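Below are the sequence and a predicted model; questions follow.
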Amino acid sequence: MLFAHDTMTALVLAADLVNSADPRGGRSADDELASVGALEAFLDRHFVEPRPRVTVADLAAVRALRPRLRAIWQAGSTEALAELVNELLTDSGARPRLTDHGGGWGWHLHVTAQDAALEHRIAAQAGFAFADLVRLREADRLRRCAAPDCDAVLVDLSKNRSRRFCDTGNCGNRQHVAAYRERLSRERRAGRDA
């Protein structure tokens with residue numbers, strides 16, 4: 001399934017925002033958004049432009065958005081997911097419009113006014129991206145990391161829908177190493193028993 005660029009970037013931003021709160025359930029000191037500077041860097045990585053200077057109030061509001069976004073991944077049905085998405089869109093004051101402001105992206109959606117609060121812009125972009133997944137019957141691309149000790153979320157944008165592990169804690173590599181060690185241990189035990 002081919003998704004629009006703005007849909008993919010919004011989905012990745014939403015997952016990264018959820019995961020910025022330390023998906024392993026660690027101390028709040030492990031929060032990736034512990035300062036205004038950290039939020040600025042996060043927004044730069046996700047190309048959130050244009051935007052005014054980020055404030056302490058913006059930081060608090062964006063951090064408060066994370067549980068609402070995590071709830072999207074925890075929705076137990078398409079109906080529950082749609083309800084959460086509708087709430088995000090309503091609360092954000094989404095007002096979609098097409099724009100082509102350069103940057104090589106061509107025509108795409110902006111879903112709030114440029115002067116909208118940062119958390120509303122993020123919520124509206126994520127809401128429209130989640131709505132695309134629901135409309136296209138692709139909501140199963142919203143996943144939780146398959147590593148047993150990780151609570152991170154991910155969006156599987158792969159063609160073959162094979163992504164199982166997050167990017168936050170090297171989970172895929174850790175699981176593969178653990179499986180290799182288990183196979184090696186079984187082989188050794190089998191060799192001793194023979």
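Cool, the structure landed.

can you tell me the average pLDDT over stretch 55-66?
Stretch 55-66 shows a mean pLDDT of 96.

quick one: buried residues of it?
58-59, 61-63, 65-66 (16 or more other C-beta atoms under 10 Å). (Each C-beta comes from the backbone N, C-alpha and C, glycine too.)

and what of stretch 146-153?
Buried, per 16+ other C-beta under 10 Å, within stretch 146-153: 147, 150-153.

Distance to Asp31 added to the buried residues of stretch 55-66, as a markdown table?
Below are the buried residues of stretch 55-66 laid out as a markdown table (distance: C-beta to C-beta, whole Å):
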| residue | distance to Asp31 |
| --- | --- |
| Asp58 | 15 |
| Leu59 | 10 |
| Ala61 | 15 |
| Val62 | 12 |
| Arg63 | 8 |
| Leu65 | 14 |
| Arg66 | 10 |
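
Present those as a markdown table; the columns should include distance to Arg121 and secondary structure.
Formatted as a markdown table, the buried residues of stretch 55-66 follow (distance: C-beta to C-beta, whole Å; DSSP: H, G, I helix; E, B strand; the rest coil):
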| residue | distance to Arg121 | secondary structure |
| --- | --- | --- |
| Asp58 | 10 | helix |
| Leu59 | 14 | helix |
| Ala61 | 11 | helix |
| Val62 | 10 | helix |
| Arg63 | 15 | helix |
| Leu65 | 10 | helix |
| Arg66 | 15 | helix |
